[in-house]
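>>> I'd like to go over a predicted model; first the sequence, then the structure.
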Amino acid sequence: MLLRLALALCLGTSAAVADVSVTIHYLRQEVEQPPVLSNLDPIPEDLGLKGAELGLADNATTGRFMGQTWALEVTEVPIGGDLAAAARAALATTDLIVLDAPADAALAMADLPEAAGALIFNSAAPDDRLRGADCRANLLHTLPSNAMRTDALAQFLLNRRWNDLAMITGTHPDDIAFAESLRASLAKFGMRLTAEKTWAFDADMRRNASQEVPLFTQDLKAHDVLLIADEIHDFGRYIAYNTWIPRPVAGSEGLVPVAWAQVVEQWGAAQLQSRFTDVAARPMQSRDYAAWAAVRAVGEAVTRTGAADTATLRAYLLGPDFELAGFKGRPLSFRDWNGQLRQPIPLVTQRAVVAQAPLEGFLHQVNELDTLGRDAPESDCSAFQK
């Protein structure tokens, strides 16, 4: 008991040490992956899940001293399966859900009557509308929004004074959404697109890139950087070094804004990477990090409040005292106007971190992390209004 009380004091919590049992349900909707030109980067079957498992192990480490018992339930809904039925079954056992599903599925679950008092953590859908007009009071977001990622890239480009940009966009809905976010970020920071083109080739670029890409990019107007909106990672890998005019590539390829990448090493990140590799036998990716952050956020809230009911946890998570050590050099916290987890965005290449946003000089009256994504005055989310 003395050890428990000492640790509670070290953690800075005023809550009395008491036995608390917490169950989190990881719910995943499998989706059909679009065909791509290369299979060099297969999507891990356990993407996201391993992050949740590591987060639970971290919670359990603290929980042993705090009288906490942690459990993780997992449901994977096959393609075409009944997510609503799986969600109801999950909600029958716990109100704490980490959800790996597309935006429409996330909204459908959040709108279930059984989910009215739940806390659902979106760890997979970057859609800006989930943090905007389509926000839900019971839906928090640990994966960065598209706007956060594209704002991070725009800050870097502006910092380098690369103000004139061209863009190539794929035809998949994820590509189109990312391109829309890029346009908004460039306008926000006073840059412009000099030219845009849509990539609709079905040729085998593995053989023809050196012939096709120069011709495709020949008519692009003068630009400093070529932006690529290829979120399904289909054609973008063949653009660099094959363009008519030699220019840096950024966006979905080249210099990429991410929630997490294996090249992130500072602020204790190497230790997190190592622990994740022990669990998953592969590097941590952005959706793994988002699932880990969701589970750890619950763990931090339970430890600080000494409670496990969702009303208490939600109030604390959205309040001014919540902070999560996220191995990114700054404490992470939730925006109380749309439920998005504030976090720095690393800008990475395949081999290194080039920068981390927000960059120096991009100031905010409250929190510089709010220079990334929709700030409170810009938000059209009404579900979180007090």
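Arrived safely, thanks for sending.
>>> Report the central residue of the chain.
residue 143 (2.1 Å; CA atoms, centre = their mean).
>>> Is it in contact with residue 287, as I believe?
Yes: if you go by CB atoms under 8 Å, residue 143 and residue 287 touch, sitting 6.7 Å apart. Using the backbone N, CA and C atoms, a C-beta is placed for each residue, glycine as well.
>>> Can you pull out the low-pLDDT segments for the stretch 201-350 of the chain?
The stretch 201-350 of the chain contains residues with pLDDT under 70 at 202-209.
>>> domain parsing for this protein?
2-144+261-346, 147-257 (automatic domain parsing).
>>> hmm, back to that, who touches both of residue 143 and residue 287?
Between them, residue 143 and residue 287 share these contacting residues under CB atoms under 8 Å, 6 or more residues apart in numbering: 123-124, 259.
>>> Could you single out the nearest of the residues you listed to residue 314?
Nearest to residue 314, judged by CB to CB, of the shared contacts of residue 143 and residue 287 is residue 123 at 16.8 Å.
>>> who's in contact with that closest one?
48, 51-52, 98-100, 142-143, 287, 290-291, 293-294.
>>> What of residue 233?
Counted by CB under 8 Å, 6+ apart, residue 233 has contacts 36, 38, 41, 252-253.
>>> Tell me the spacing between residue 43 and residue 101.
Using CB to CB, to the nearest Å, residue 43 is found at 15 Å from residue 101.
>>> what about the two, which has more around it?
Ranked by neighbour count (other CB atoms under 10 Å), residue 43 and residue 101 place residue 101 first, with 23 against 10.
>>> Specify the beta-bridge partners of the closest residue to that one other than its chain neighbours.
Nearest non-adjacent residue to residue 101, counting by CB to CB, 6 or more residues apart in numbering: residue 29, 3.8 Å away. Counting by DSSP bridges, residue 29 forms beta bridges with residue 77.
>>> I figured residue 29 was touching residue 77, is that so?
Yes: counting by CB under 8 Å, residue 29 touches residue 77, with 4.9 Å between them.
>>> Now for the contacts of residue 233: which two are most distant?
For the contacts of residue 233, the maximum inter-member distance is 13.7 Å, found between 38 and 252 (CB to CB).
>>> the more surrounded of these two?
Between residue 38 and residue 252, counting by other CB under 10 Å, residue 252 is the more crowded of the two (28 against 13).
>>> Now the phi/psi pair for that one, please.
The phi/psi pair for residue 252 (degrees, to the nearest 10) reads phi -80, psi -20.
>>> ok, it to residue 361 distance?
Taking CB to CB, one finds residue 252 at 26 Å from residue 361.
>>> And residue 124, by the same measure?
Counting by CB to CB, the gap from residue 124 to residue 361 is 32 Å.
>>> Could you do residue 369 as well?
Distance, residue 369 to residue 361, by CB to CB: 15 Å.
>>> Number of residues surrounding the nearest residue to residue 78 once chain neighbours are set aside?
Leaving aside its sequence neighbours, residue 78 sits nearest to residue 30 (CB to CB, 6+ apart; 5.5 Å). When neighbours are counted by other CB under 10 Å, residue 30 registers 15.
>>> How about the contacts made by residue 30?
76-79, 81.
>>> does residue 24 have beta-bridge partners, and which?
Beta-bridge partners for residue 24, by DSSP bridges, are residue 72.
>>> which residues does residue 248 contact?
Applying CB under 8 Å, 6+ apart, the residues near residue 248 are 162, 224-226, 254-255.
>>> Tell me the spacing between residue 150 and residue 177.
Per CB to CB, residue 150 is found 10 Å from residue 177.
>>> Between those two, which is the more surrounded one?
residue 150 (30 against 18).
>>> ok, which stretches of the stretch 1-150 of the chain are strands?
20-29, 68-77, 96-100, 119-122, 139-141 (DSSP state E, counting those that start in this stretch).
>>> Understood, closing this out.
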